[in-house]
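S.K.: predicted model and sequence follow; I will ask about them next.
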Amino acid sequence: MPVARPETSDSRIIAHVDMDCFYVQVEQRKQPHLRGQPTAVVQYNSWKGGGLIAVGYEARKDGVKRSMRGDEAKKACPQIQLVQVPVSRGKADLTIYRNAGSEVVSILSRKGRCERASIDEVYLDLTDAAERMLKETPLESLESISEEVLKSHVLGLKADGKDDKETVMEWLQRPDADHRDKLLACGAIIVAELRLQVLRETEFTCSAGIAHNKMLAKLASGMNKPAQQTIVTSSSVKDLLEPLPIKKMKQLGGKLGSSLQTDLGVNTVGDLLQFSEEKLQEFYGVNTGTWLWNIARGISGDEVEGRVLPKSHGSGKTFPGPRALKTLSAVENWLKELCDELSERLQSDLEKNKRIAHTLTLHANAYKSTDTDSHKKFPSKSCPLRYGAGKMQEDAVNLFQAGLREYLGSYTNPLANQCGGWGITNLSVSACKIVAIPSGTSSITRYFHGPDQLHASSEPPVEKIVPEDDNLSPSRSERPCVSHQTEQQTDYDVEPTSIAHDISSSDRHENACKDEASGDFTREAFQLSSGTDSCSTSKQNGLQPGLPEKETKIKHSNNEIRLYNQKRKTTKVNGTSSILRFLQSNAYSSSKQENSSASQETNCSPSGVEQPNKKGENLTQSQNERTNTWSYNVNEIDQSVVDELPPEIQEELRTWVRPQKRQNIVKRDFMCYWGFHLSQLC
DNA sequence: ACGGTTTGGACC
DNA sequence: TGGTCCAAA
């Protein structure tokens, strides 16, 4: 799994910034009376007071730990304040934490390339900034070194680790320090400033590690918490790593780490040093072997990726044990909730960052109570993503059914098992392959937004373009228990009784299914929704071999363009051939687009968002990729297709086609746009 | 029958 | 490339 990367330079300055008990801080900012109080954030799960997902430091003193239940925490710390994660659509909603994380990122990204590693963690490459600082203001001449820097911990500086400010000051300004240590000192100064800015502008504290690579920085950020920073000098690496339990290393907390312990008797990183690179490669393959050999020596070439936006969005929920979903109807209801949330987040990403997701994936976990091979995995399925919650749900349901048939095996009739042998213990939908829309396409963005979001447009929002075909499917329109959303929501919020409520609510789903099934309804629903399936699972992987190839409708307003579904390779179309050929073969060939210059997910950053573009070389590379990979002739596009489109889109296209200057890029952007556009409408 | 929910990365 | 598995927070 881990891959060895050559170290480009051993003098990089890398910081890892880790928010202190982030969810708790977010809640304490929201409710200031919680400040200073022992506080923990619990996830909805009214069983035994819910599961703790973040614990404040005051509560940690009393021995409260993550993965305790609310009740246990209360026992350990009777005064503890338990705050619930917000719930919407019957599931945990992490939006406020994501947005808070974005606030932090927008500050941290001011001084260097910035990688958002998780909701509350960031890597920074401060090499350039540190070198600049060293050139412009030699450390010896630095008069005012902030108190915050002086509170740094410098590994190896003092045996007992109690670095006083004088010692740190001395170390920072040591005239005989080598270049790398001086750069580290500069990095520490920059990070201290950044942390202060974060505190000023967001009221959040964080801890940081400053080192020559990501691995060491990450290790260091956790060594002195909260609200402190730790510097890893090269000379300290050996002593730092040698006694370190192998499992503490990133990537070694799981099976690989266990294997090292049980198979090789390696318990500390120091133990790893005994093994030659070749030996490690024998055991774990070339990549992992080399990687292990390197990290044992503190060597890691992983670059800080300039990425402040997520590569995917997902929404999921588990249904443990007795709460497993047992009917198609229940699954459909939950898929609606999940798709609603996902759709909302995609819409927000589109508005704020001008990005479009191309692929929808459904994951599920299931068990078969009846069967022997119940450990079989429920297969993941994906299809082109269409914007709009209704369409997403429709597609998700189809993906689920495709997965279910595969899961149950072709030998049995899935319809027979309908309310019987299976249960879904986890459901999730996610959107990936997210690419930035080429800039200067405002009308297109508006088109996707709908008129109510930005300036008025003659076009309806995408949700309404194709008025929910849902009424075609009895599984939705005739289902008696369609929207218990508000009930569910309140159910989830009430504390002691919510389990009962919850179960009864899933009973409602079940009953609904039974009612329907009694009239052989589920079979119909099954077939019907397969029949109305548009452009998703049916054409994939030879699923539903019995179904004829269908026409795919591309509707827009009152216009309707009919395109013919084709098998991927054998393409025979006329008239609209050029676009179709593109859609079939190239819709997903778009090269990587870096988004370091895109705006943040939130615009709530108090200071406004400044996104330094530190990825000059990547941009050029990306452009090279573009010119190399794209050679489509715009003029081949059938005018009759263009004519069917809304006037403003047509206009936009004309402005793309006209200028001959940025030819290659324009062409590619054009097709990139069409790739998603048409596939989403169909 | 479980901390739950999200992400990212590698492999084939 | 889609699907699977792993790891982390």
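M.R.: Cool, got the structure.
S.K.: hey, which helix or strand in chain A has the poorest pLDDT?
M.R.: strand A:559-564 (a mean of 20; mean pLDDT, DSSP states H and E).
S.K.: need the distance between the two termini of stretch A:204-224.
M.R.: 16 Å (CA to CA, to the nearest Å).
S.K.: and the stretch 51-200 of chain A, which residues reach DNA strand C?
M.R.: A:118, A:120, A:121 (CB under 7 Å from any atom of the strand). Using the backbone N, CA and C atoms, a C-beta is placed for each residue, glycine as well.
S.K.: residue A:10 against residue A:212, yeah?
M.R.: Yes. Under the criterion of CB atoms under 8 Å, residue A:10 makes contact with residue A:212 at 6.1 Å.
S.K.: give me the domain ranges for chain A.
M.R.: Under the assignment automatic domain parsing, the domains of chain A span A:1-14+A:118-308, A:22-95, A:313-539, A:551-601+A:616-681.
S.K.: now do the phi/psi pair for residue A:382.
M.R.: phi -140, psi 160 (degrees, to the nearest 10).
S.K.: ok, it - contacts?
M.R.: A:359, A:360, A:361, A:362, A:399 (CB atoms under 8 Å, 6 or more residues apart in numbering).
S.K.: any idea how far it is from DNA strand C?
M.R.: Using CB to the nearest atom of the strand, to the nearest Å, residue A:382 is found at 4 Å from DNA strand C.
S.K.: SS state for residue A:316?
M.R.: strand (DSSP: H, G, I helix; E, B strand; the rest coil).
S.K.: and for it, the neighbour number?
M.R.: 19 (other CB atoms under 10 Å).
S.K.: so it versus DNA strand B, what's the distance?
M.R.: 4 Å.
S.K.: which element is the nearest residue to that residue once chain neighbours are set aside on?
M.R.: Leaving aside its chain neighbours, residue A:316 sits nearest to residue A:428 (2.6 Å; criterion: CB to CB, 6 or more residues apart in numbering). Element membership for residue A:428 (DSSP states H and E) is strand A:422-436.
S.K.: what helices or strands is that strand leaning on?
M.R.: strand A:313-318, helix A:328-353, strand A:355-368, helix A:389-408 (3 or more CB pairs under 8 Å, 6 or more residues apart in numbering; DSSP states H and E).
S.K.: now distance to residue A:252 and mean pLDDT too, for these, in CSV please.
M.R.: Listed next are the helices and strands packed on strand A:422-436 as CSV, based on distance: least, CB to CB, whole Å; pLDDT from 0 to 100:
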stretch, distance to residue A:252, mean pLDDT
strand A:313-318, 26, 94
helix A:328-353, 32, 95
strand A:355-368, 26, 94
helix A:389-408, 33, 94
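S.K.: select, out of those, the one closest to DNA strand C.
M.R.: Nearest to DNA strand C among the helices and strands packed on strand A:422-436 is strand A:355-368; the distance by CB to the nearest atom of the strand comes to 6.2 Å.
S.K.: pairing partners for that closest one, with directions?
M.R.: strand A:381-384 (antiparallel), strand A:422-436 (antiparallel) (DSSP bridges).
S.K.: confirm residue A:252 sits in a strand?
M.R.: No. Under three-state DSSP, residue A:252 sits outside any strand and is assigned coil.
S.K.: which residues does it contact?
M.R.: A:246, A:260 are the contacts of residue A:252 under CB under 8 Å, 6+ apart.
S.K.: quick check: it vs residue A:270, distance?
M.R.: 14 Å (CB to CB, to the nearest Å).
S.K.: ok, now residue A:75?
M.R.: Distance from residue A:75 to residue A:270, by CB to CB: 39 Å.
S.K.: same thing with residue A:63?
M.R.: As judged by CB to CB, residue A:63 and residue A:270 stand 31 Å apart.
S.K.: ok, residue A:39 next?
M.R.: Relative to residue A:270, and taking CB to CB, residue A:39 is found at 38 Å.
S.K.: the more surrounded of the two?
M.R.: Neighbour count, other CB under 10 Å: between residue A:39 and residue A:270, residue A:39 has more, with 27 against 16.
S.K.: wait, the more buried one touches residue A:83, no?
M.R.: Yes. In this structure, residue A:39 is within contact of residue A:83 by CB under 8 Å, at 6.5 Å.
S.K.: need the residues touching each of the two.
M.R.: With CB under 8 Å, 6+ apart as the test, residue A:39 and residue A:83 both reach A:24, A:27.
S.K.: alpha carbons only: can I get stretch A:341-351 in PDB?
M.R.: Taking C-alpha atoms only, stretch A:341-351 is exported to PDB below (Å, rounded to 0.1, in the frame of the first residue of the first chain):
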ATOM      1  CA  GLU A 341     -27.500  15.400   1.100                       C
ATOM      2  CA  LEU A 342     -25.000  14.500  -1.600                       C
ATOM      3  CA  SER A 343     -26.800  16.600  -4.100                       C
ATOM      4  CA  GLU A 344     -26.800  19.600  -1.800                       C
ATOM      5  CA  ARG A 345     -23.100  19.300  -1.300                       C
ATOM      6  CA  LEU A 346     -22.400  18.900  -5.000                       C
ATOM      7  CA  GLN A 347     -24.500  22.000  -5.700                       C
ATOM      8  CA  SER A 348     -22.600  23.900  -3.200                       C
ATOM      9  CA  ASP A 349     -19.300  22.700  -4.700                       C
ATOM     10  CA  LEU A 350     -20.500  23.800  -8.100                       C
ATOM     11  CA  GLU A 351     -21.500  27.300  -6.800                       C
END
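S.K.: what helix or strand is residue A:23 located in?
M.R.: Assigned by DSSP H and E, residue A:23 belongs to helix A:22-30.
S.K.: how many residues are close by the closest residue to residue A:238 other than its chain neighbours?
M.R.: Closest residue in space to residue A:238, ignoring its immediate chain neighbours: residue A:298 at 7.6 Å, by CB to CB, 6+ apart. Residue A:298: 21 surrounding residues under other CB under 10 Å.
S.K.: element containing residue A:298?
M.R.: Going by DSSP H and E, residue A:298 is not in any helix or strand.
S.K.: may I have the phi/psi pair for the one residue in the stretch 51-200 of chain A that gets nearest to DNA strand C?
M.R.: Closest approach between the stretch 51-200 of chain A and DNA strand C, counting by CB to the nearest atom of the strand: residue A:118, at 4.5 Å. Main-chain dihedrals, residue A:118, degrees, to the nearest 10: phi -160, psi -170.
S.K.: how many other residues sit next to it?
M.R.: 11.
S.K.: so what's it bridging to?
M.R.: With DSSP bridges as the rule, residue A:118 is bridged to residue A:121.
S.K.: please tell me how far it sits from residue A:105.
M.R.: As defined by CB to CB, residue A:118 lies at a distance of 11 Å from residue A:105.
S.K.: now do residue A:310
M.R.: Residue A:310 is 11 Å from residue A:105, by CB to CB.
S.K.: for residue A:3, helix, strand, or coil?
M.R.: Quick answer, by three-state DSSP: residue A:3 is coil.
S.K.: please, which helix or strand holds the nearest residue to it once chain neighbours are set aside?
M.R.: Leaving aside its sequence neighbours, residue A:3 sits nearest to residue A:287 (CB to CB, 6+ apart; 4.8 Å). Per DSSP H and E, residue A:287 falls inside helix A:277-295.
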